[in-house]
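A.B. asks: Below are the sequence and a predicted model; questions follow.
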Amino acid sequence: HIQKLRALRDEHERREVEELVDACRRVGFVAGAKEAQELTDAYHRLDQFLVEQRAGQENASGERFRVLAEETYRHGVTILRRALNLFQALQRVDVDALEQERQTWIRQRQQEGSSASLERSIEAHTKRLERYRRREEELRALIAQLNELETALETAHLEVVDLVGHAASVRPFESEAASHLERAVEAA
């Protein structure tokens, strides 16, 4: 019953991520679609490897590793959702028009002199443009976080592969792979 529920949950999450990637593509968020695909690929490679290893042996630490990988992936999907929402919000702002209007008012102030209403208008547009630029930087930071999570999954996969064939006393959590995933999850 638990396996059936997990399979249903996995299918729901897979469809949700596909819809998220499609939404990224529809609105022109190419970087988001690319990062989502790379994150998904890295997660599936690691998960498939861990499932194959689990089939060959009973290993509680391997299951914990799989759960950490899943949590890392879910954090990545959450970050991608935030990035998509932010991207869409940024697309709705006509930065060129704001900047052009602001420059027109600055020239008007230089020619006609300062007035309270003109200063308020310039200040309002300046604040909006600064806010836009901060949010733009936040979007870049979200993309960087997605890259970090992908790297953590890839690194974990490479390190877990190195553990295969070692003595039975070696456990995945004695490697750096688990700490990479734990740090990635914590950072996200």
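C.D. replies: Yep, that arrived.

A.B. asks: and the gap between the residue of the chain most remote from its centre and residue 133?
C.D. replies: Going by CA atoms, centre = their mean, the residue of the chain most distant from its centre is residue 112, 48.7 Å out. When distances are taken as CB to CB, to the nearest Å, residue 112 and residue 133 turn out to be 29 Å apart. For the C-beta atoms, the positions are set from N, CA and C on the backbone; glycine is no exception.

A.B. asks: okay, residue 12: pLDDT?
C.D. replies: The score at residue 12 is 87. That number is its pLDDT.

A.B. asks: What helices and strands are in contact with the helix or strand it falls within?
C.D. replies: Using DSSP states H and E, residue 12 sits in helix 2-27. In this structure, helix 2-27 packs against helix 30-56, helix 60-91, with contacts taken as 3 or more CB pairs under 8 Å, 6 or more residues apart in numbering; DSSP states H and E.

A.B. asks: quick one: the helix or strand that contains residue 137 to chain centroid distance?
C.D. replies: Using DSSP H and E, the element containing residue 137 is helix 116-163. Going by CA atoms, centre = their mean, to the nearest Å, the spacing between the C-alpha centre of helix 116-163 and its chain's C-alpha centre is 10 Å.

A.B. asks: Just name the shakiest helix or strand of the protein by mean pLDDT.
C.D. replies: Among the helices and strands of the chain, helix 176-187 carries the lowest confidence by mean pLDDT, DSSP states H and E, at a mean of 64.

A.B. asks: what residues are up against residue 153?
C.D. replies: Counting by CB atoms under 8 Å, 6 or more residues apart in numbering, residue 153 makes contact with 39, 42, 43, 45, 46, 69, 72, 73, 181, 184.

A.B. asks: Mind telling me the two of those farthest from one another?
C.D. replies: In those, two members sit farther apart than any others by CB to CB. They are 45 and 184, at 15.6 Å.
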